[in-house]
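> The sequence and its predicted three-dimensional model are supplied below.
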Amino acid sequence: MAANPDAVHNSIKPGRWVRSTCKMCLHSCTNLIHVTDDGVINKVEGDPTNPSNRGKLCPKGNSAIMRHYDPNRFTQPLKRTNPEKGPNIDPMWVPISWDEALTLVADKLKDCLQTDPRRIIPSLEDFQKMNIWVWPLAFGNFNFFQSGGTMCGGAYHPINGYVHSAFAAANDAKYCNFWLNDGTGDGFSSHLHAAAQSSWVADARVNRGMRCVTVEPRFSISAAKSEEWVPIRPATDRQFALSMCHVMVKEGWCDYKSLRKDTNAPYLVGDDGYFVRNAEGKIYVWDSADNRARLWDDPAIGEFALEGAYTVEGKPCKPAFQRFRDILANCSPEAMEKITTVPPATVRRLAKEMYDAAGIATDAKIEIDGRVMPLRPAAYNYYRGAQGHKLGFQTNHAFKMVNFLLGCIDAPGGHIGVTLDDQWVDHSHIEPGENGMIKPNPHQLGPVPPFAYPPQTFHLMDYFPVGVHPPHLNLEVFLNPEKYGLEFRPDTMIVCHSNPIWAMQGPREKWFEFMKSMKFIAVSDIIPTETTQWADVILPSNDVFESWNMTMIEPPHTEGMCMRQPAVEPLYDTKSEEEIFTELAERIGVLDSYNEVLNYALGFVQKPELKLEPGIKYTDKEIARRKGLLWNGKDLDWYVEHGHAVTERRLDKWYRPWEGMRLHFYIEDMVSVRDDLMRKMEAAQVPFRHEWAWEDYQPLPTARLDPVHGEPPEYDLYGMFFKDIQINFGESLSNPWIQDIVYRDPVHIALMLNPKTAEKQGLKALDIVRVESPYGMIFGRIGISEGWHPDTLGVSNALSRAKTQSKGIKHAGGHFNDLLPYDLKNTDGVTGQPETVCKVKITKLQDWPAHLKNGGSVYDLVDEIAKPGKGRKH
Amino acid sequence: MARYGMVFDLKRCIGCNACVIGCKQENSLPDGVFFTRTLSEEYGVYPAVNRVYIPTLCNHCEDAPCEKVCPSGATYTRPDGIVMVDPQKCIGCGSCAVACPYDQRSEMKAEAFKDGLFGTGELTDFEKQGYPRYTPGMVTKCDFCSGRVDAGLDPACVVTCPTDARIFGDLDDPNSKPSKLIRERGGKSPLPEKNTRPKVYYID
């Protein structure tokens, strides 16, 4: 059939543009959706009125249409008829009515509530709808089985809560001139608002000549766009940061003025780790002007001592800065090089370059909107790869220490706290704490359960008072329930937009046993996943083009609510998540308490007229309307017209919002929280208290090695995994357009080795191999690139999917997560952060194992693409 | 009359391929067809390794070899310099694909229009509304989103590029963004030895 001569490009067809918000990752870039006069969505573009993404979208945002029209979408509620459950086993769905589906699920949940509510294990991951995330709190359930806990930034979020009283942090692209990226794609390929941040950073790089340095075991996009790549052995980033600190402190390349005025670095710390206080609890400092101790707020203080050893109130003590200096004595670049492999000359040069770029020597200032502030345009940025280690809290703290020494915390050009969702425009995320310091706020995701023994949560959240939920410990406890004194067993799972059986670390086979132990699983999702095939009932939800929402998710540089509105009527017999979960809440008798939970979680208590009333089932539209009203007092019609309320971040919130208070250079909570937990565990005679990782609680970071380095020597390489902008955050590998670009990119289609390493191992490109860690194994095909640290085997997340009933998904040879530990030994005792690097050994195979020979894998697709006329590689 | 061209800023391009998918969206391209690509080339030896991301599309050559060899007159150049392919006239002979030194021609295989993007043999509504622009079997390429340009808009790949690595405009206007960049940062056109006079330039 010949072309229609009148046919035109999609975006100029007769139709309308609908303002909305992207959901291809968890962040909130706003977009414009083009709907033709025939009701077909045929183009999605970024919204140029949004100062965050400025009309841009990342590749994922560009591929949303393929999710909407995915023929694999669930079109109606489904019930399993095959009693046999397992990976790649057909559930043999039959359609059922919504009433039957909701009744079925509600009856199972009700049975749990009547016997033991702890039997329910939720996995509710929709990060743009915290109202669903908090649903289990309506019946006091703190179980947790989603990856948005420690699989994300387990230690990252608590430390940001301590240092910035914020959820995340980013370098300030507006003024930064020296941007060091460690184990992150921020500004180039991933993490916070990837399209927006890469846009801002590209302007800084090209228009202002911002210098970029990337520290990472792989030659990432960030490295490729940086002036310098510093390859580093995996899981040694903390030791690198400490070697930078060593040089800066030794050479005096520090912002002493900021340390004295803006931080608790001068506060005196006793040998017990606590600040030295007087009888009223006020903390002492040492006044080096007249050589005596004074209280921290004594107006007579001449000069805050940062160094030295003193005795105050009969206690030997030192300023916190001196305590850090003592730790750094053993962190010379030469000593750390043995761990990191980074040459000492590189460390010294980078430390000097950052010090010079930060403008400390001249105490550079900037006036913005009439406010004069220190200008510190050099900062250390990091995220998932660098921070995801057993000693996660110390690791995060070490990175922050470089920024503390540079005086760039929350300074223009520096490293700045990014809030998750301010809820309303006048809300300040900073609160005053004790003794002139800001109030620490490690729990950015809402309340956590109190201490209890026997444990009241299956993942032991009872013992991580400043942590993030560690979902991987569900497996540790499942395999050893007696050891942990569990009085209950979860057997009823409720899932929403979560794919835990894909996302959790630890071997799949063991997780399968965990899933098999569930008597009932209900899943709300839009497309089939590794997890949906375990479900007994599917509750299909509307997609992003069919529903309402209002959200603000950790935008760097900007703030304000982003509205989602339906562009079209639902294609199928689906419901909003709000309708599904309020229906369930009503049927199990917790609707009133759910509404009350939402009043707190969504902040409606701040404006009582917005509070949800008992007995009413609120729709997605009404929840969105109230969130918009809470933000700026504007009703939904205003948002429908404008799409969003995003503005550049108000400067008093963005820069030094704590002005006049002091930041936690020294985190005393590590001592007090540890002692409190120790006392409680002792009093309750918790049987595993002696193996709890008490030494992880450190008020200052140390150079102690993560246990991954002590695995048996036969595991001779470090396995690490990575994502890029095409697969940033949640699922996108079932999307044919994402497949089009990812599986044509050489770094995403093979297990990557440095050529010298490959030679040493007797391997060459395309060799089929088995990769084993002490915890599990995967299979794959070798790729060679000079862009890898020689100690490293790199595995893209594009090789993570499993063979399932989901036709669109290309499986690989097992998930990198199979290689990772799930035990306490590799879990940060402070935050619950698990180790995300492993030691591996590689064995060459003659052929694929039988289970990977039947076609449909990533490797089969890659071979197909490589054939002539098949669209070729990129 | 304008003379449209594009500049690729290699300093800005992060190889994210948002442009590639933005193009697939705008043009409802069937499986395996690309009007634009982002190539990546790694060079150097560890640790002094480097990688460059190179966006490519039809260069809309002033002396377009594809136009010269087209036997049916399907390939033609608009007065504003955009090289077009008329789906009514294209006979799918592929001469243009052979002649193009930049490998920018794609055959739109008939089976791709039947298999669909999900390979199910059924087309989504998105495909159904978009595929009538093409004659199955035709050999085609990027047209700088000519319809958008006529409506005063930039091409789809340009508006979505997160890092503004694609800059579109009138090369005859010395004050246009691409003209200034070519002048100030020394724009180079691809394969100058082919004497095709491309209207696409690279700066780094």
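Yep, it's here. Residues are numbered from 1 along each chain as shown, chains lettered A, B, ... in the order given.
> OK, contacts around residue 68?
Here I'm looking at chain A. Shown in contact with residue A:68 (C-beta atoms under 8 Å, 6 or more residues apart in numbering or on different chains): A:41, A:543, A:544, A:545, A:571. For the C-beta atoms, the positions are set from N, CA and C on the backbone; glycine is no exception.
> my bad, the chain I had in mind was chain B
Residue B:68 makes contact with residue B:99 under the criterion C-beta under 8 Å, 6+ apart.
> Look at residue A:803 and report its pLDDT.
For residue A:803, the pLDDT comes out at 86.
> tell me the phi and psi of it?
phi -70, psi 120 (degrees, to the nearest 10).
> Just give the closest residue to it, not the sequence neighbours.
Of all residues not flanking residue A:803 in the chain, residue A:811 sits nearest, at 4.1 Å (C-beta to C-beta, 6 or more residues apart in numbering or on different chains).
> Pull the contacting residues for the residue nearest the centre of chain B.
Centroid-nearest residue in chain B: residue B:57, 2.9 Å away (criterion: C-alpha atoms, centre = their mean). With contacts defined as C-beta under 8 Å, 6+ apart, residue B:57 is in contact with B:6, B:35, B:36, B:37, B:104, B:141, B:142, B:157, B:200.
> one more time with 7 Å, if that's ok
B:35, B:36, B:104, B:142 (C-beta atoms under 7 Å, 6 or more residues apart in numbering or on different chains).
> Number of residues surrounding the residue lying closest to the third one once chain neighbours are set aside?
The one in question is residue B:104. With C-beta to C-beta, 6+ apart as the criterion, residue B:104 has its nearest non-adjacent residue at 4.6 Å, and that residue is residue B:58. Neighbourhood size, residue B:58 [other C-beta atoms under 10 Å in any protein chain shown]: 25.
> show me what contacts the residue lying farthest from the centre of chain B?
Largest separation from the mean C-alpha position in chain B: residue B:47, at 34.2 Å (C-alpha atoms, centre = their mean). Counting by C-beta under 7 Å, 6+ apart, residue B:47 makes contact with A:229, A:231.
> per-residue confidence for it?
Residue B:47 carries a pLDDT score of 97 in this model.
> Could you report the distance from it to residue A:787?
Relative to residue A:787, residue B:47 is positioned 9 Å away (criterion: C-beta to C-beta, to the nearest Å).
> Let me know the secondary structure of the residue of the stretch 451-600 of chain A found nearest chain B.
Across the stretch 451-600 of chain A, no residue is closer to chain B than residue A:571, which sits at 8.6 Å (C-beta to the nearest C-beta). At residue A:571 the chain is in coil, as set by DSSP: H, G, I helix; E, B strand; the rest coil.
> and residue A:443, what pLDDT?
pLDDT, read off for residue A:443, is 89.
> mind listing what it touches?
residue A:161.
> which SS state does it fall under?
coil.
> and which of the contacts of residue B:57 is nearest residue A:490?
residue B:36 (49.4 Å; C-beta to C-beta).
> Let me see the contact set for that closest one.
B:19, B:20, B:23, B:55, B:56, B:57, B:142, B:157.
> Give me the subset of the residues you listed lying in helices.
Counting by DSSP state H, those place B:19, B:20, B:23, B:157 in helices.
> excluding its backbone neighbours, what's nearest the last one?
If I follow you right, that is residue B:157. Spatially, and ignoring its direct neighbours in sequence, residue B:157 is nearest to residue B:19 (3.7 Å; C-beta to C-beta, 6+ apart).
> if I read this right, the one you found contacts residue B:159, doesn't it?
No. If you go by C-beta atoms under 7 Å, residue B:19 and residue B:159 don't touch, sitting 9.7 Å apart.
> higher neighbour count, the two?
Per other C-beta under 10 Å, whichever of residue B:19 and residue B:159 has more neighbours is residue B:19, with 28 against 23.
> before we move on, the earlier item: greatest separation within the contacts of residue A:68: which pair is it?
The span of those, defined through C-beta to C-beta, is set by A:544 and A:571 at 12.3 Å.
> higher neighbour count, the two?
The residue with more neighbours, out of residue A:544 and residue A:571, is residue A:544; 22 against 16, by other C-beta under 10 Å.
> and the closest residue to that one other than its chain neighbours, what helix or strand is that in?
Excluding the flanking residues, the one nearest residue A:544 by C-beta to C-beta, 6+ apart is residue A:23, at 4.1 Å. Secondary structure assignment for residue A:23, by DSSP states H and E: no helix or strand.
> per-residue confidence for residue A:23?
96.
> what's the spacing between it and residue A:578?
Relative to residue A:578, and taking C-beta to C-beta, residue A:23 is found at 15 Å.
> ditto for residue B:163
37 Å.
> Same question for residue B:165.
40 Å.
> can you pull out the strands in chain B?
Ranges of strands in chain B, per DSSP state E, are B:4-9, B:36-45, B:48-57, B:75-77, B:83-85, B:106-107, B:139-140, B:166-170, B:200-203.
> Tell me which residues of the fourth one come out buried.
Across strand B:75-77, burial judged by 16 or more other C-beta atoms under 10 Å in any protein chain shown covers residue B:75.
> List the neighbouring strands of that strand plus their orientation.
strand B:83-85 (antiparallel) (DSSP bridges).
> What mean pLDDT does the strand it pairs with get?
pLDDT averaged over strand B:83-85 gives 98.
> ok, and what's touching that strand?
Identification of contacts with strand B:83-85 by C-beta under 7 Å, 6+ apart yields B:58, B:60-61, B:64, B:67, B:74-78, B:140-141, B:143, B:146.
> Would you report the backbone torsion angles of residue A:381?
Backbone geometry at residue A:381, expressed as degrees, to the nearest 10, gives phi -110, psi 150.
> measure it to chain B for me?
Separation of residue A:381 from chain B (C-beta to the nearest C-beta, to the nearest Å): 16 Å.
> which residues does that residue contact?
Going by C-beta under 7 Å, 6+ apart, residue A:381 touches A:170, A:171, A:179, A:180, A:181, A:184, A:186, A:415.
> and if you look at residue A:605?
Going by C-beta under 7 Å, 6+ apart, residue A:605 touches A:599, A:611.
> quick check, it in a strand?
No. Assessed with three-state DSSP, residue A:605 is helix; it does not lie in a strand.
> Would you mind checking which of the contacts of residue B:36 is nearest to chain A?
Proximity of those to chain A (C-beta to the nearest C-beta) peaks at residue B:20, which lies at 5.7 Å.
> Look up how far residue A:13 lies from the closest one.
21 Å.
> can I assume residue A:778 is in contact with residue A:771?
Yes. Counting by C-beta under 7 Å, residue A:778 does reach residue A:771; the two are 5.1 Å apart.
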